[in-house]
Each structure stands twice: as structure tokens, then as C-alpha cells.
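Visitor: no sequence for this one, just the structure:
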């Protein structure tokens, strides 16, 4: 298989396209140019850095280093989930709901896939563990932040209805059930849509990357299917966990709706 | 003097802007609470229904609230908020299978209102339906937050009569927040005024 090795000029040309977009946005006063450029610079820096880290990590595949990088990724993902919610929980709960749910789902699914499906030796081999975990965390992060945002927003907006149901003697989980279901659905729908459109409308990024890097398409497709199923399981489990933990935390021991536990945006 | 133990006892109930409040109510009593807006009448009722954190203890027939599961407590100490809430399309879906035809008739509601979309009902119809929905739980204590605010004189009189009947037959205790001095004279067996977070007997 032939593989085109990219050099810096190739990347600079691609960067010029983003720069052009930023100029155009600036000219049209959309107010997003700055954000666009910062994000583009972050992509370049962060990916270069992780490339170097992976290079070092692949060279000495110690379980301790793999675990450390995994933990670092989890902590960053936890922060992302938190800042993406408009009405997040106050205090450390705002961080913990997302981080714990991602730990329960992404880590569990990644380890399951490494040990049971890929069955590589050693199972924690960073070449498999880190990219898989990254894919899972990235997607689970989206699902959880969308679902939690929906859940907390619904609790805030529907306070009167939820409390009216409590007043009539409903349990907290019955009074919240509709909003819990909606939150879970909104967290899982992006993955379901992605699976439904995969291959027909869109060629998923991972598979495209593998094919561009020279893998035979059929092998790339198998990995893509594996990854999509893992992502779906991880996102779904993470969303379920976050909505369960989060909705319980909206109520206290006496099943009172505690909206003072949520941040009020300005 | 009645020797029966009080149905509802409130001991040292304390909220950030209210109390401490200590009082007891016997079955069949109707305590009216008046006071300027913002004096904490709604907060008082919410605390009794255990919807807001508070200090002190409330007892129902000598059983402290914290030993009763919250849904159970709220069915027995039922709060009717000033604005009714509906979360399903028709009112019928909010009621138990058996439509309470007799009390409904006394409120001037026929069964047809049940199948109209809630959004199309008048605020007065919704308010009376909300009272029926609350009474379907057969609460021992009724906490009524301006239950006749959206009603005309006829319907106000119907609601007052229905509540008086329920209170005497059940027999239940009622705490009734009202702005209308004439209504207080009609329905109250006792009246208190809430000023700056303190209850004053009248």
C-alpha cells in the first residue's frame, strides 16, 4: 500500500483555508473569527503534543504511563462536560457528575474492548488503548453534556409542574420521569443518527483516516463498525449514568426539588 | 373543650424569613392566614408540605413528618398552589380512574370538561379541577393558597361550601391563605395574621 506522507507545507495550505474562512467571517462581522482561530491553533498544538506523547508512550509501553495519560484525558473531558452546560450543578458536583459517568462508561467499555475483543498482548498496549479511549471519551463527553444540559434546564423551566406533582404525592423519579427520558434521548440521538447515516451519507472520520493512511478499506470498515458500536455503548451508558446521578441530585433526602444546587447563568 | 389530640402540630417551624411558628390544629378546624404579600404565607404552606428545607418539626396525629415517606406525607398534607399545573393533554389523565362526580357537580363542573384540552379550559375551571384532584388523595390536612383567586362570586361560594363539607365530614384541618377579609369571616374557625415572618392570632 502506498501512503502519502504529509509535510508541513501541506498542512500550511490546509491552514490557509481556515484562515481564509476567518477573514471572510471577520469581513461579514459574524463575531466568530477569533473563536475559530483559537480553536484551530488549539487543534494544531494539542494534536502535535499528543502525537509526541504517543510516540514516547509507544516506545515504552508501561501500564503506569498509559494509566496516567488516560486519567489526564478523563480529567480534561470532565472539565469540558462541565463548561458546556449552561445550568450545571454548583461546586464539585458540577465536575463530578460528568467525570464519574465518563469513568463508568468510557473506561469500562474501553477495557472491555481491549481485553475481550482486541485481545492484544499486553492488553493495555497504548497503540490501541489510547486512541480507543480518546474516541470514547470524545463522544461520551458530547452525549453527557447535551443530556445534562437538557435535564437541568428542564428542571429549571418545569419547576412548577414538577413541584405540583410532588404536592400530589408523586415520588421524585415519577415527577421527573418525562424529563429524564427526554434528556437521555437527546444524549443518545447524535450517535444513533451517526450510525444510521454511516457509509450512506457520511464516511466516518476514523475510517477515512485509516484509508488515507493506507489501510485496506474492508479492514478499515471493520474497525469503524467496532468503534461505532463501542462509542454507542459508551455514550449510552455514560448518558444513563449521568442522568441517573444528576436527577437524583436535583432532589434532597426529603424529595424536595433543590434548584439552588444549580448555577443560574447571568 | 375537645379532648381529641390535635390533628396537626407545628413546633418551632423556622425558615430563613419565617418563624419560629408553633401552633396546633384539631380536625375540623379552619385556620385562615392573612398578611401583606411577601410576608411568607406561601413559604409557610410550602414548608408544611415539606417542599422547602426548614427547621422544627411538624406532626400529623402525633407522628413526626420526618418518619413518614415524603410522597405519603404530601398526600396526607395536601397543598393547593395558587396556580394549578397540568402536564398531560386532558384533565382526565390527571385523575384516578373514578371521576369524583358528586363533588364535581357541587363545583359546577360536568364530566365534559375532563376531555377538553387543558389549555382550552378557563383558569377558573382549572382551579376547581385542581381542588378536586387534590381532594382525590383524601388528605387529612388541606393547605390552600388563595384557592378562589381566579373565581367569580358564585364559584367562590361553591368552593367554600365544598371545602367546609369536606372539612367537617372527613374531618380534616384546613389552613387557608386569603386576601379577602369577608372570606376569612365566612370560612375561618380561627384566623392569624402573618407580619414580618411572625404569626399573630386575631
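Guide: Arrived safely. Treat the numbers as computed from the prediction; the structure is a model and nothing was measured.
Visitor: flag every residue of chain A that's near chain B.
Guide: A:160-161, A:163-171, A:178, A:252, A:254-257 (CB under 8 Å from any CB of the partner chain). Heads up, the C-betas are built off the backbone N, CA and C, glycines and all.
Visitor: OK, contacts around residue B:157?
Guide: With contacts defined as CB atoms under 8 Å, 6 or more residues apart in numbering or on different chains, residue B:157 has no neighbours.
Visitor: which of the helices or strands spans it?
Guide: Element membership for residue B:157 (DSSP states H and E) is helix B:153-169.
Visitor: okay, buried residues for that helix please.
Guide: When burial is assessed from 16 or more other CB atoms under 10 Å in any protein chain shown, helix B:153-169 yields the following buried residues: B:155, B:156, B:158, B:159, B:160, B:162, B:163, B:166, B:167.
Visitor: can you list the weak-confidence ranges in chain A?
Guide: A:1-2, A:266 (pLDDT under 70).
Visitor: ok, 50 please
Guide: Counting by pLDDT under 50, chain A contains no low-confidence residues.
Visitor: strands of that one, start to end?
Guide: Using DSSP state E, no strands are found in chain A.
Visitor: just the helices from it, written as ranges.
Guide: Along chain A, counting by DSSP state H, helices occupy A:8-27, A:33-59, A:63-83, A:93-102, A:108-112, A:126-157, A:159-167, A:172-197, A:205-212, A:217-249.
Visitor: can I get those in a markdown table including mean neighbour count and distance to residue B:67?
Guide: Formatted as a markdown table, the helices of chain A follow (neighbours: other CB atoms under 10 Å in any protein chain shown; distance: least, CB to CB, whole Å):
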| stretch | mean neighbour count | distance to residue B:67 |
| --- | --- | --- |
| helix A:8-27 | 12 | 63 |
| helix A:33-59 | 12 | 55 |
| helix A:63-83 | 17 | 38 |
| helix A:93-102 | 23 | 28 |
| helix A:108-112 | 18 | 39 |
| helix A:126-157 | 22 | 28 |
| helix A:159-167 | 21 | 19 |
| helix A:172-197 | 17 | 18 |
| helix A:205-212 | 15 | 56 |
| helix A:217-249 | 20 | 22 |
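Visitor: may I see those helices organised as TSV, with distance to residue B:90 added?
Guide: Formatted as TSV, those follow (distance: least, CB to CB, whole Å):
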stretch	distance to residue B:90
helix A:8-27	50
helix A:33-59	47
helix A:63-83	39
helix A:93-102	36
helix A:108-112	43
helix A:126-157	22
helix A:159-167	16
helix A:172-197	16
helix A:205-212	48
helix A:217-249	27
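Visitor: out of these, which comes closest to residue B:112?
Guide: Comparing these by their distance to residue B:112 (CB to CB), the top pick is helix A:159-167, with 23.5 Å.
Visitor: what's that closest one packed up against?
Guide: The contact analysis (3 or more CB pairs under 8 Å, 6 or more residues apart in numbering or on different chains; DSSP states H and E) places helix A:159-167 against helix A:172-197, helix B:70-76, strand B:77-80.
Visitor: and those: which comes nearest residue A:133?
Guide: Residue A:133 sits nearest to helix A:172-197 of all these, at 16.8 Å, using CB to CB.
Visitor: tilt between that closest one and helix A:217-249?
Guide: Interaxial angle of helix A:172-197 relative to helix A:217-249 (axes from the mean of the first three to the mean of the last three CA atoms, to 10 degrees): 170 degrees.
Visitor: tell me what angle helix A:172-197 forms with helix A:126-157.
Guide: If you take the same axes, to 10 degrees, helix A:172-197 sits at 130 degrees to helix A:126-157.
Visitor: mind giving me the packing neighbours of helix A:172-197?
Guide: Packed against helix A:172-197 by the contact rule (3+ CB pairs under 8 Å, 6+ apart) you find helix A:126-157, helix A:159-167, helix A:217-249.
Visitor: now distance to residue A:68 too, for these, in TSV please.
Guide: Converted to TSV, the helices and strands packed on helix A:172-197 look like this (distance: least, CB to CB, whole Å):
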stretch	distance to residue A:68
helix A:126-157	11
helix A:159-167	42
helix A:217-249	21
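Visitor: which residue packs closest to residue B:15, ignoring adjacent ones?
Guide: residue B:54 (5.1 Å; CB to CB, 6 or more residues apart in numbering or on different chains).
Visitor: phi, psi of the one you found?
Guide: phi -160, psi 160 (degrees, to the nearest 10).
Visitor: that one: what's it in contact with?
Guide: Contacts for residue B:54 were tallied using CB under 8 Å, 6+ apart; they are B:13, B:14, B:15, B:47.
Visitor: what does residue A:19 give?
Guide: Going by CB under 8 Å, 6+ apart, residue A:19 touches residue A:37.
Visitor: how about residue A:218, what does it touch?
Guide: For residue A:218, the contact set (CB under 8 Å, 6+ apart) is empty.
Visitor: now for the residue lying closest to residue B:90 once chain neighbours are set aside, how many residues are close by?
Guide: Using CB to CB, 6+ apart and skipping the chain neighbours, the partner closest in space to residue B:90 is residue B:115 (5.4 Å). Residues within reach of residue B:115, counting by other CB atoms under 10 Å in any protein chain shown, total 11.
Visitor: please apply the same query to residue A:5.
Guide: 6.
Visitor: and the gap between it and residue A:11?
Guide: Residue A:5 sits 12 Å away from residue A:11, going by CB to CB, to the nearest Å.
Visitor: before we move on, what about residue B:175?
Guide: Look at residue B:175 and residue A:11: by CB to CB, they are 73 Å apart.
Visitor: go on, residue A:89?
Guide: 40 Å.
Visitor: so who does the closest residue to residue A:105 other than its chain neighbours touch?
Guide: In this structure, residue A:105 finds its nearest non-sequential neighbour in residue A:238, 3.4 Å apart by CB to CB, 6+ apart. Under the criterion of CB under 8 Å, 6+ apart, the neighbours of residue A:238 are A:101, A:102, A:104, A:105, A:106, A:140, A:143, A:144.
Visitor: then residue B:118?
Guide: Residue B:118 makes contact with B:86, B:88, B:89, B:90, B:91, B:126, according to CB under 8 Å, 6+ apart.
Visitor: export those to a markdown table and tack on pLDDT, distance to residue A:204 and secondary structure?
Guide: What follows is the contacts of residue B:118, written out as a markdown table (pLDDT from 0 to 100; distance: CB to CB, whole Å; DSSP: H, G, I helix; E, B strand; the rest coil):
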| residue | pLDDT | distance to residue A:204 | secondary structure |
| --- | --- | --- | --- |
| B:86 | 96 | 44 | coil |
| B:88 | 94 | 41 | coil |
| B:89 | 94 | 41 | coil |
| B:90 | 93 | 45 | strand |
| B:91 | 92 | 49 | coil |
| B:126 | 95 | 51 | helix |
